[in-house]
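Participant: sequence and predicted model, in that order:
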Amino acid sequence: MKERNIALIEWAREKISESIRAGSALRLSAELTANPISGDAGFRRYYRLNTEPSLLAVDAPVETENTGAFIRVAKCLRQNGVHTPEIFHSDEVQGFLLIEDLGDNLYHSALPEAGPELLYGEAMMTLLRMQQVDKNTDCKLPIYDGHRLQGEMALFSRWFVEELLAYELNEQERSMLEDMFARLTASALEQTQVWVHRDFHSRNLIVTEGCAPGVIDFQDAVWGPVTYDLVSLFKDCYIRWPREQVRHWAGSYGDMAVDAGLMPPVDKQQFMTWFDWMGMQRHIKVLGIFTRLSLRDNKAAYLRDIPLVIRYVLEVSQDYDALRPFGEWFKSSLIPRLEQFDWYSDYASAGDRE
């Protein structure tokens, strides 16, 4: 680890010197320093450099991170008016990047003080711009197909149910889950298919003065359902808003998407069903991912976000007859096991603010 950090900083120093010699406006008035900053759920590590303007050096290990995809997606989004970090230098062989520093003012910390209306308005415009990117661009995206959608939900069964809770599913329970997963997959696939960021939420959007929000952590983009990023934004795993407000925002975006020609007119209740069921798929997946991040990757902090995700899942399950058996089973069979953990808090009030 130490040797790799040294190699990254030496590489960054060399690239910065090259830029300055080439007449770049970049400046370095002292010895180069690199301060680690908090990263994301992946294995990338970020270091803020003391250049003017500030840059980030990124260590993206080739064993786990696809630097080529990051570069392709960033370039494609920037060409289509989405504010992603500019990439100044890259080395795909080593997994090193030198990129624009968009700052630390995440939506997650800014929303409670600034209020959601302005910030979410800007985020919706960015989402609309992103979803209008043509499928046939140079940046070919993987298809968010049924196999991928079902595979994600299988993480719930393995990591959350079996590994975390040590709960052994019987055949009837497996059949119930398979039936629900199939229904959620069918709902996702019948929607208009667009560009999908896959983690378009408050920790991946940055408030930037005078600009549209900065968008990060986009390298896993796919071609998939129109409501996926919308539900990531408004049913955020890290911050909660009143259900009626969320439905209003989602419905407003649906109208915008129709007006922009992004999707054909659709019945409002159908759109909300797509939205809710897409959230169900995403949050079931997230329960598996957050558990895996803790048990496999030693990132236990994600466990404390699980109660809010459970709240989303159980609220939706009570609103639709086809999903209600899952919700009842979850409450009777899994909640008692969750209550044994010291990190667990009551899902019914998770995300509430005083």
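Facilitator: Received it, and whenever you're ready, just let me know what you need.

Participant: check what pLDDT Gly39 gets.
Facilitator: Looking at Gly39, its pLDDT stands at 62.

Participant: give me the residue ranges of the chain where confidence is low.
Facilitator: The chain contains residues with pLDDT under 70 at 1, 39-42, 138, 354.

Participant: swap in 80 and give it another go.
Facilitator: Under the criterion pLDDT under 80, the flagged ranges of the chain are 1-2, 23, 25, 29, 38-42, 136-139, 210-211, 354.

Participant: run through the neighbouring helices and strands of the longest helix along the chain.
Facilitator: Of all the elements of type helix in the chain, the one with the most residues (DSSP state H) is helix 268-295. Packed against helix 268-295, as judged by 3 or more C-beta pairs under 8 Å, 6 or more residues apart in numbering; DSSP states H and E, are the following elements: helix 146-155, helix 171-189, helix 228-234, helix 243-259, helix 306-319. In this view, the C-beta of every residue, glycine as well, is placed from N, C-alpha and C.

Participant: how's the chain carved up into domains?
Facilitator: The record's domain split for the chain, according to automatic domain parsing, is 2-100, 107-349.

Participant: can I get these in CSV including mean neighbour count?
Facilitator: Formatted as CSV, the entries for those read as follows, by neighbours: other C-beta atoms under 10 Å:
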stretch, mean neighbour count
domain 2-100, 16
domain 107-349, 18
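
Participant: what's the separation between Arg198 and Ser232?
Facilitator: Between Arg198 and Ser232 the distance is 7 Å, computed by C-beta to C-beta, to the nearest Å.

Participant: also Tyr144?
Facilitator: 13 Å.

Participant: which one of the helices and strands packed on helix 268-295 lies nearest to Asp346?
Facilitator: For Asp346, the closest of those is helix 306-319, at 6.9 Å, according to C-beta to C-beta.

Participant: now the helix or strand just after the closest one, how far from the centre of its chain.
Facilitator: The C-terminal neighbour of helix 306-319 among helices and strands, as given by DSSP states H and E, is helix 324-329. Per C-alpha atoms, centre = their mean, to the nearest Å, the displacement of helix 324-329 from the mean C-alpha position of its chain is 26 Å.

Participant: can you check stretch 320-328 too?
Facilitator: For stretch 320-328 - counting by C-alpha atoms, centre = their mean - the centre lies 26 Å from the chain centre.

Participant: same check on stretch 156-164?
Facilitator: Centre to centre, stretch against its chain (C-alpha atoms, centre = their mean), the figure for stretch 156-164 is 21 Å.

Participant: can you give me the end-to-end distance of that stretch?
Facilitator: For stretch 156-164, the first-to-last residue distance is 10 Å (C-alpha to C-alpha, to the nearest Å).

Participant: now what about that stretch, what contacts it?
Facilitator: With contacts defined as C-beta atoms under 8 Å, 6 or more residues apart in numbering, stretch 156-164 is touched by 167-169, 174, 177, 284-285, 287-289, 291-292, 294-295, 334.

Participant: switch to 6 Å and redo it
Facilitator: Residues from elsewhere that reach stretch 156-164, judged by C-beta atoms under 6 Å, 6 or more residues apart in numbering: Tyr167, Ile284, Leu287, Gly288, Thr291, Arg292, Leu295.

Participant: next up, the contacts around the third one.
Facilitator: Going back to what we said before, that points to Leu287. With C-beta under 6 Å, 6+ apart as the criterion, the residues that contact Leu287 are Phe156, Phe160, Val309.

Participant: hmm, try it at 10 Å
Facilitator: Contacts for Leu287 were tallied using C-beta atoms under 10 Å, 6 or more residues apart in numbering; they are 153, 155-157, 159-161, 164, 237, 305-306, 309-310, 313, 330, 334.

Participant: equivalent analysis for the first one, please.
Facilitator: With contacts taken as C-beta under 10 Å, 6+ apart, Tyr167 has the following neighbours: Ser157, Phe160, Val161, Glu173, Ser333, Leu334, Arg337.

Participant: do the second one as well
Facilitator: Counting by C-beta under 10 Å, 6+ apart, Ile284 touches 152-157, 160, 177, 180-181, 184, 309, 312-313, 326, 330.

Participant: would you format the contacts of stretch 156-164 as a markdown table with distance to Ser17 included?
Facilitator: Compiled in a markdown table, these are given as follows (distance: C-beta to C-beta, whole Å):
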| residue | distance to Ser17 |
| --- | --- |
| Tyr167 | 57 |
| Ile284 | 49 |
| Leu287 | 47 |
| Gly288 | 45 |
| Thr291 | 45 |
| Arg292 | 41 |
| Leu295 | 43 |
